[in-house]
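[1] next come a sequence and a model predicted from it.
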Amino acid sequence: MIGAVCLMTAITLSTAASAQQVPGSVASGGACELHVWPTNNYLGMNSGLLSGFAVVGVLADQAAHKNRVQTVKDLMKDYLGPDIQMEELNKIGLLASLKLPATTRIVLEEPTPFNEDVKKDPALKAKITVLNQTLKAGKRLTASQSPCYSELLTTFIFYHKAMMYGSNLLTAFMFREFKDQPLAVSTSTGMVKNPLEDFPPKTPEKTEAAKIELRDAFSKDYVEWLAKKKKS
């Protein structure tokens, strides 16, 4: 189930202090560029005792937890919005972690959208269709002509709670390196999970601990994905 979500959603869709982070519209050719897409695509799944009873059981269980999962999605958006995602990646060091030149300009792009918003908005759906086609063709997602170009996308952040295995935060990443080519010379995709104990907070007193834990799990997801990416 999780693998299917990963495949479907991935298709839809500390930085060094000296590095310059600019909006996507400012980027131009001539320098090394890393274009970064954080995400607004928060997913949630809560599986309990009913989930052991084939397909019908899974559907019934998701329906029973619908309101709670929606709340969890809202909390993820509040606690781990695109700006906070970038803060966490900046703490790790985007350029060093991806082994890019220290002089690389970091270009912040518009976050990948929430899947439900795509379904409701024809214009957004059309935009994402074009993005998907561009990804499939291996082309650059921007008009940048940089001779040293790469892209990092966070495609979704997924909260999963299972009766037998507890709660986890799963994050999916995609890194495409182009160098001086119009088509990607390498593409790495993957999803990593880390356990959660305090999120979502069960009492108001647990709120701060839940925020810290969620941010930490996201950072760990990225670092562990990098380690696996390097081995592949």
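    Yep, that arrived. Since the structure is predicted, the reported quantities are computational estimates derived from the model, not experimental observations.

[2] alpha carbons only for contacts and neighbour counts from here, please
    Will do.

[3] how far away is the residue nearest the centre of the chain from Arg140?
    For the chain, the residue nearest the mean C-alpha position is Thr154 (2.6 Å; C-alpha atoms, centre = their mean). To Arg140, Thr154 is 16 Å away according to C-alpha to C-alpha, to the nearest Å.

[4] hmm, back to that, excluding its backbone neighbours, what's nearest the residue nearest to the centre of the chain?
    In space, and not counting its chain neighbours, Thr154 is closest to Phe173: 4.6 Å by C-alpha to C-alpha, 6 or more residues apart in numbering.

[5] test my guess that that neighbour contacts Gly190.
    Yes: assessed by C-alpha atoms under 8 Å, Phe173 is found in contact with Gly190 at 5.7 Å.

[6] neighbour count: these two, which is higher?
    Using other C-alpha atoms under 10 Å as the criterion, Phe173 and Gly190 rank with Phe173 on top: 23 against 18.

[7] what residues does the helix or strand where Glu224 lies touch?
    Secondary structure assignment for Glu224, by DSSP states H and E: helix 207-231. Residues outside helix 207-231 that contact it (C-alpha atoms under 8 Å, 6 or more residues apart in numbering) are 76, 79-80, 84-85, 88-89, 92, 97-98, 169-171, 173, 188-196, 198-201.

[8] report the buried residues of the one helix or strand Glu116 maps to.
    Glu116 is part of helix 115-120, with elements assigned from DSSP H and E. By neighbour count with 16 or more other C-alpha atoms under 10 Å, helix 115-120 contains the buried residues Asn115, Val118.

[9] and whichever helix or strand comes after it, what does it pack against?
    Per DSSP H and E, the first helix or strand lying C-terminal to helix 115-120 is helix 122-137. On a contact count with 3 or more C-alpha pairs under 8 Å, 6 or more residues apart in numbering; DSSP states H and E, helix 122-137 meets helix 2-12, helix 115-120.

[10] looking at those helices, which has the lowest confidence?
    Of all the helices and strands packed on helix 122-137, the minimum mean pLDDT falls on helix 2-12 (a mean of 41).

[11] strands along this structure, start to end?
    In the chain, the strands defined using DSSP state E lie at 21-23, 33-37, 42-47, 105-108, 149-162, 166-179, 186-196.

[12] dump these to TSV, plus mean pLDDT and distance to Lys120.
    Below are the strands of the chain laid out as TSV (pLDDT from 0 to 100; distance: least, C-alpha to C-alpha, whole Å):
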stretch	mean pLDDT	distance to Lys120
strand 21-23	54	27
strand 33-37	98	21
strand 42-47	82	16
strand 105-108	98	25
strand 149-162	94	18
strand 166-179	95	23
strand 186-196	95	26
